[in-house]
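In: kindly return the folded structure for what I paste below:
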Amino acid sequence: MENRKTQIVDLAIKLIQQKGYVAFSYDDISKQLGVTKASIHYHFEKKEDLGTAITERLSKSLENSLLLIKNPAVSAEEKLKKFIQQQAERFECTEICPISSLQTDYESLPHSLQEKIEEVSRLELTIMKEIVSQAQTEKIINGSEDVQSLAVTILSSIKGALLYRRVLGDDVLVSVQNQVNRFLRNS
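Out: Prediction:
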């Protein structure tokens, strides 16, 4: 039973990355998994319940990333490279970050799911702020730069590159990573 539940969440995340939360249905899941819609409803009565399970999975993944980010033995520059590399490897060329996709659908989501997306977004931003703060401590970037603004700028650049890669098929993520590193060193 738990295996089926995991399969449903895994597939739902893929569909969110490809189509968005609003655009996929239980019918899409049932056809791809070869199960009835009733089987999906058994695990997730409403799509909102599935959305909650998805945000919980995303939060766990981010919490694991946060543990790695807090490792003082790794430089801020290396952490940023690893974060961008994970983004590039996690998603196929036609997929985008599931957090970005859910953020795009934000206004169409039920209130309880909006709250979960806000939590996940804050956690993702916290990770980037940790990296930026460490970069300031290591004097890689100017200590007078606003940590929040810089973290949002970096995240936006990474996520934007994933969108461009989706549309153009080019892997612009490497050039964005190099540009962010140059920007950080020149701040």
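
In: what's the single longest helix in the protein?
Out: The longest helix of the chain (DSSP state H) is helix 111-137.

In: helix or strand right after that one?
Out: Next in sequence after helix 111-137, counting helices and strands by DSSP states H and E, comes helix 147-168.

In: in that following helix, which residues are buried?
Out: Neighbour counts using 16 or more other Cβ atoms under 10 Å place 147, 150-151, 153-155, 157-159, 161-162, 165-166 of helix 147-168 among the buried residues. (Each C-beta comes from the backbone N, C-alpha and C, glycine too.)

In: same question, stretch 47-60
Out: Those would be 47, 50-55, 57-59, for stretch 47-60 by 16+ other Cβ under 10 Å.

In: mind checking which of these are in helices?
Out: When helices are assigned by DSSP H, the members of those inside them are 47, 50-55, 57-59.

In: in CSV: the residues you listed, plus distance to residue 143 and pLDDT.
Out: Formatted as CSV, those follow (distance: Cβ to Cβ, whole Å; pLDDT from 0 to 100):
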residue, distance to residue 143, pLDDT
47, 46, 97
50, 44, 97
51, 40, 97
52, 39, 97
53, 41, 97
54, 38, 97
55, 34, 97
57, 36, 95
58, 32, 93
59, 30, 94
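
In: biggest separation within these, which pair?
Out: Across those, the longest distance by Cβ to Cβ is 18.6 Å; it joins 47 and 59.

In: quick check: mean pLDDT across the longest helix of the chain?
Out: The pLDDT scores in helix 111-137 average 94.
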